[in-house]
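**Q** One predicted model, sequence on top.
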Amino acid sequence: MRIIFCTKGDRLLPSSRTRAHLVADYLRTQGYDAESFHIKTRPWWSLTRERFSELLRNVRLLLSVQKADILYLHKTTDQADFMVLVLLRRWFLRRGYILDFDDAIFLGSVNRAFKTWLMVKNADAVIVGSHFLQEYALKYNKNAHVISAPIDTEDVYLPATSRTGDARVRIGWTGTPGHYENMKLLLDPLQRIVNDGHAVVFVQLGGGDKIHELITSVKGLTVEYTASLAWNEPKTVVAYLQQFDIGVMPLQKTELNRGKDAWKAKEYMGCAVATILSDWGENPYVVTNEVNGLLVNTPDEWYGAFKKLITDEEYRRRIGAAGRAHMAAEFSYKSFMPKLQAIIGRAA
């Protein structure tokens, strides 16, 4: 049996990398015949040679997936040509597919809502990254399951073996420019921490210049900004995460954020970094407050969580160690594989 992953993005897109490309890599180490393909998005009005070439490639790809194989789609609702081919294959050849998504791809427009509904309704199984997305999927497909993207706690996401030697507490965040509004939640708490005289450094990995300008608006805060990393090389990214003392995952309370997988938190926690998260969306399903992480709602709670972790090093280490143990037990590939195998087995 082959498992063919078709994805919205290449290995540089975080969700496609973590939920498809790296999963295919891991499956091959377990003896599976697994491959991953990036399905490019083209505007509907585009009539270029490249588009027709890709269309033919996609036809050949789908025809190569036999009845006993698994076609696994990750967020391919924006690739209109490919979506039509998949549905025609489903309706006329009776060849199914598994649909995976970890964002609220049905929000934003009637067009997005219709395409997501169509793909969910016709899927053999739906795998989502949060309970909010499962609530949506179950309305149209009773075979919908929450499976959080796994992290490699055996070879990649590991506690630091050495530190920078900097005595200041390093508060870290990694992400994309789309988190601009979320990052505003940190401004007041960070300003209060600086005003208190605590020796801290804010480490920003990615996110773009606008977020960097936002964070540097905190007067007196030292900021280390790394604009870009080899995001498709997890060990390179982890080397930076391991130097965090505190990891943060702020989320505004929006419907879009309700659908997000708690990926950032899992990365920090896998490296035994004490993590503060907004108490929203999938985060409370991943973290038990004040056991393996800290869940917060208000600016005062953000400030209190920062102050507790900054001033109590033993507590910070204990929360980090508990988070690491939780990731290894519940969100590693070892725990992920039986869930995926069960769904694939039923779909096959």
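**A** Received the coordinates, thanks.
**Q** can you pull out the strands in the stretch 1-150 of the chain?
**A** Assigned by DSSP state E, counting those that start in this stretch, the strands in the stretch 1-150 of the chain fall at 2-7, 33-38, 70-74, 98-101, 125-128, 144-146.
**Q** any idea how far the lengthiest helix in the chain is from the chain center?
**A** Longest helix in the chain by number of residues (criterion: DSSP state H): helix 313-330. With C-alpha atoms, centre = their mean, to the nearest Å as the basis, helix 313-330 stands 20 Å off its chain's centre.
**Q** any idea which helix or strand comes after it?
**A** Proceeding N to C from helix 313-330, the next assigned helix or strand is helix 333-347, under DSSP states H and E.
**Q** Quick one: residues in contact with that next one.
**A** Under the contact criterion C-beta atoms under 8 Å, 6 or more residues apart in numbering, helix 333-347 has outside partners 3, 23, 26, 30, 70, 96, 98, 124-125, 127, 143, 145, 147-148, 150-154, 328-329. Glycine gets a C-beta too; all of them are placed from N, C-alpha and C.
**Q** avg pLDDT for it?
**A** Confidence over helix 333-347 (mean pLDDT, whole number) is 89.
**Q** just stretch 303-318 next, same as before
**A** pLDDT averaged over stretch 303-318 gives 98.
**Q** got the end-to-end distance for it?
**A** 19 Å (C-alpha to C-alpha, to the nearest Å).
**Q** mind checking the SS state of T174?
**A** Under DSSP: H, G, I helix; E, B strand; the rest coil, the three-state class of T174 is strand.
**Q** which residues does the closest residue to it other than its chain neighbours bridge with?
**A** Leaving out its chain neighbours, the residue that sits closest to T174 by C-beta to C-beta, 6 or more residues apart in numbering is L205, at 3.8 Å. L205 forms beta bridges with T174, T226, as assigned by DSSP bridges.
**Q** Tell me how many other residues surround L205.
**A** Look at L205: counted by other C-beta atoms under 10 Å, it has 19 neighbours.
**Q** residues contacting it?
**A** G172, W173, T174, G175, T226, L229, V237, Y240, L241.
**Q** Now the buried members of these.
**A** Among the contacts of L205, the ones that count as buried by 16 or more other C-beta atoms under 10 Å are G172, W173, T174, G175, V237, Y240, L241.
**Q** what's the closest of these to G9?
**A** G175 (15.5 Å; C-beta to C-beta).
**Q** what about that closest one, distance to Y32?
**A** To Y32, G175 is 31 Å away according to C-beta to C-beta, to the nearest Å.
**Q** Next: F82.
**A** 23 Å.
**Q** Same check on T298?
**A** Relative to Y32, T298 is positioned 46 Å away (C-beta to C-beta).
**Q** cool, and I171?
**A** Applying C-beta to C-beta, the value for I171 to Y32 is 40 Å.
**Q** Of those two, which one has the most company?
**A** I171 (24 against 18).
**Q** Run through this protein and note the low-pLDDT ranges.
**A** Scanning the chain for pLDDT under 70 picks out 348.
**Q** Pop the domain breakdown of it in here.
**A** In terms of domains, the chain is parsed into 2-150+332-347, 169-330 (source: automatic domain parsing).
**Q** Spit out the contact partners of the nearest residue to E50 once chain neighbours are set aside.
**A** With sequence-adjacent residues excluded and distances taken as C-beta to C-beta, 6+ apart, E50 is closest to R42, at 7.8 Å. If you count contacts by C-beta under 8 Å, 6+ apart, R42 has them with T48, E50, R51, E54, Q79, D81.
**Q** possible to save the domains of the chain as TSV with distance to A160?
**A** Below are the domains of the chain laid out as TSV (distance: least, C-beta to C-beta, whole Å):
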stretch	distance to A160
domain 2-150+332-347	18
domain 169-330	4
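**Q** Quick one: closest of the ones you listed to P159.
**A** With respect to P159, and counting by C-beta to C-beta, the nearest of the domains of the chain is domain 169-330 at 3.9 Å.
**Q** right, so the strands of the stretch 1-150 of the chain: which one is the most enclosed?
**A** Mean neighbour count (mean count of other C-beta atoms under 10 Å) peaks for strand 98-101 among the strands of the stretch 1-150 of the chain, with a mean of 26.
**Q** Report all helices and strands that that one contacts.
**A** For strand 98-101, the contact count by 3 or more C-beta pairs under 8 Å, 6 or more residues apart in numbering; DSSP states H and E identifies strand 70-74, helix 110-122, strand 125-128, helix 333-347 as packing neighbours.
**Q** hang on, W263 packs against T18?
**A** Yes - in terms of C-beta atoms under 8 Å, W263 counts as a neighbour of T18; the distance is 6.3 Å.
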